[in-house]
Each structure stands twice: as structure tokens, then as C-alpha cells.
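In: fold the stuff below for me.
(one chain, ligands or ions: 1)
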Amino acid sequence: MCGIVGLFLKDKSLEPQLGALLSSMLVTMTDRGPDSAGIAIYGDGDGDKAKITIQSADPKKDFVGLEMELMRTLDSYLSIEVKSTHAVVTLPKDQLDEGRAAIAQLRPDVRIMSSGDAIEIYKETGLPKDVVSRFSVTSMAGTHGIGHTRMATESAVTTLGAHPFSTGSDQCLVHNGSLSNHNNLRRELKHQGMTFETENDSEVAAAYLTAEMAKGKNLGEALESAVDDLDGFFTFVVGTKSGFGVVRDAIACKPAIMAETDRYVAFGSEYRALVSLPGIEAARVWEPEPATVYFWER
Ligand SMILES: NC(=O)CC[C@H](N)C(=O)O
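Out: All right, here's what the predicted structure looks like:
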């Protein structure tokens, strides 16, 4: 099982509703994955600011005082917005790497969920309705987003084992299925310098795409390579700062449905995830073909 949803907006007037639309799509998929849930939202990525979403098992201890300590360490102005177990650090774009290093040094127990110009990731164990309300996702605006509700197959039910996985700047991936060659691939990617937070197969898929894009491929090309190099069952929905992609393995036994109108492209594991979208009655609706890459870029 596992339930996946994704929404890529073409119509700017829908952007204030992105979090609400995606949340309700994800809640519809609750019975496909009761273990944990997560959501990635791409907000306005322009300007000179970048964002790091961090997570702590003990937010009182880790987040108190962090803003001041980071400002002192980086010698610049930044802000931290705490949302339950997560917090978003907004800092100057040219200090993103320095900021990540400072967080690791000042708060070794804090985990980085995502970083980049536009992405924020919120994920926890529990049901979609609890996760979206805990992080106030329904009030978030954005250009595109991806959600996942997990029934674990490959690694423990933990916050870090929840999807989406982000292994590169402004990148994220959710997965329905299980990969059979993830241990070998993990070993190869570690040799190339990638690091992993979990034993999860989907994290390996995310890292694989990051490594392919680092070679100069765009998201669509990286997904084409994934069809050849990843073994097992998969439906992936992936995001980059300006892109949104979908691919299924050659057997495509995991359910998937897509819809497109002038206003958006939407993905659901099942059609019921899409029924409340505006104008869905007039949308072009189709089942993505096996081993075929679907890719949109703004
Ligand atoms: N049920 C699934 O699709 C699980 C996805 C992935 N293998 C995981 O364990 O997280």
C-alpha cells in the first residue's frame, strides 16, 4: 500500500490554496498507509533567501535559543519559525551550506528534513489528518507539493523513515512500492559520497536521482535512467524547485491516476484523492503508462 498525492499548479490564483488542496487529497488516502505521513510544499522561491526545514525529537531543548546562536555563528540576520517538532530557518541564500553546517555543529540531534530556495518538508509518524493539523499545512501557499501516507515495508516506522525524502537542494521524492536492489545502489552511492539517514529503499531512490541530476541531467532525464537502473516495484512522484515528475516501473502494479486541466496537474494513488479538486469533472484523466516518464517544468 502507501498513498501518494501530488499537485502542480499552473494557475497562480490557486497558489494560496495549495496546502489545503493537498492536505485534503492526502487525508483521502489515509487507509492506504497508517504508519506515518508527510508533505513537501514548494513556496515562493524567488529572492535572496533560502530555507532549511529542521526536525527535533525534543523541540523545547533544541529550538530554544537557536535563532540567536545561529545569527552569532553566521554573523548575519536570519529567522526561525517553529511548528511543533519542525522549524524553518530562513537565511541568506549564499549562507545555505554554512547554515547547514552550523546547525549540525550547534544542535547535533537536530535532523535536516530539506533545504533549498523553495521547499519545506513536514513529516511524522501518525495519520495524515494529525500530521497536516500539527504543521498547519492547510494554511500554506505554494506552487506545487507532494504528499505521502506510509505503510512501511523496508525500514522502521520513524519520523526519518517517513516520506518525502529529500537528498538534494529543493528535491524530494515519495514512493509506493519496494526496491529489490537498494542495498547495492546504496553502497555505490556511498562510494560517490552520498550520505543516508535511514535504511529505507525510497531514500536510495531519492539519492539516486540527486546523483543523476548532479551529472547534469534534468529531472525528466534522471527519471528515464531510474527506469533502467532501479529494480522492483515503484511509483515515484518527485519534485524539484520548478519541476514535477511521475514514473512507474515496467509492471506498474501500484495504482496511479493523473488529471490535468488548464489550472493544474494532479496525481493520486486512487481517483478518490482527486475528486474534490476544482474543475475535476472537465479534467483530462488518465492512468500513467508503465516505464513512462511524465514531467512538467514551469
Ligand atoms: N508500502 C510502500 O509503498 C512502502 C514504501 C517504501 N518501501 C517504504 O517502506 O517506506
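In: roughly how far is the strand or helix carrying residue 54 from the heart of the chain?
Out: In this structure, residue 54 sits in strand 49-55 according to DSSP states H and E. Relative to its parent chain, strand 49-55 has a centroid offset of 13 Å by CA atoms, centre = their mean, to the nearest Å.
In: each with direction, which strands does that strand pair with?
Out: strand 86-92 (antiparallel), strand 111-116 (antiparallel) (DSSP bridges).
In: what residues are up against whichever residue of the stretch 1-150 of the chain sits closest to the ligand?
Out: For the stretch 1-150 of the chain, the residue closest to the ligand is residue 2, as judged by CB to the nearest ligand atom, at 3.2 Å. C-beta here means a position set from N, CA and C on the backbone, and glycine is covered the same way. By CB atoms under 8 Å, 6 or more residues apart in numbering, the residues touching residue 2 are 32-33, 148-151, 163, 175-177, 254, 269.
In: now do residue 261
Out: 279-280, 282-284.
In: recalculate using a threshold of 6 Å.
Out: 279, 283 (CB atoms under 6 Å, 6 or more residues apart in numbering).
In: how much space between the residue nearest to residue 189 when sequence neighbours are not counted and the ligand?
Out: With CB to CB, 6 or more residues apart in numbering as the criterion, residue 189 has its nearest non-adjacent residue at 5.1 Å, and that residue is residue 207. Using CB to the nearest ligand atom, to the nearest Å, we find residue 207 at a distance of 14 Å from the ligand.
In: count of residues packed around residue 275?
Out: Residues near residue 275, counting by other CB atoms under 10 Å, number 14.
In: I'd like the distance between it and residue 24.
Out: Going from residue 275 to residue 24 by CB to CB, to the nearest Å gives 10 Å.
In: deepest of the strands paired with strand 49-55, which one?
Out: Comparing the strands paired with strand 49-55 by mean neighbour count (mean count of other CB atoms under 10 Å), strand 111-116 ranks first with a mean of 23.
In: tell me the angle of whichever helix or strand comes after it relative to strand 49-55?
Out: Downstream of strand 111-116, the first helix or strand assigned by DSSP H and E is strand 119-125. Taking axes from the mean of the first three to the mean of the last three CA atoms, to 10 degrees, one finds strand 119-125 and strand 49-55 inclined to each other by 10 degrees.
In: sheet-wise, list the partners of strand 119-125 with their directions.
Out: By DSSP bridges, strand 119-125 pairs with strand 36-42 (antiparallel).
In: can you tell me what sits against the partner strand?
Out: Strand 36-42 is contacted from outside by 118-123, 125, 128, 131, 137, 140, 142-150, 162-164, 172, 239, using CB under 6 Å, 6+ apart.
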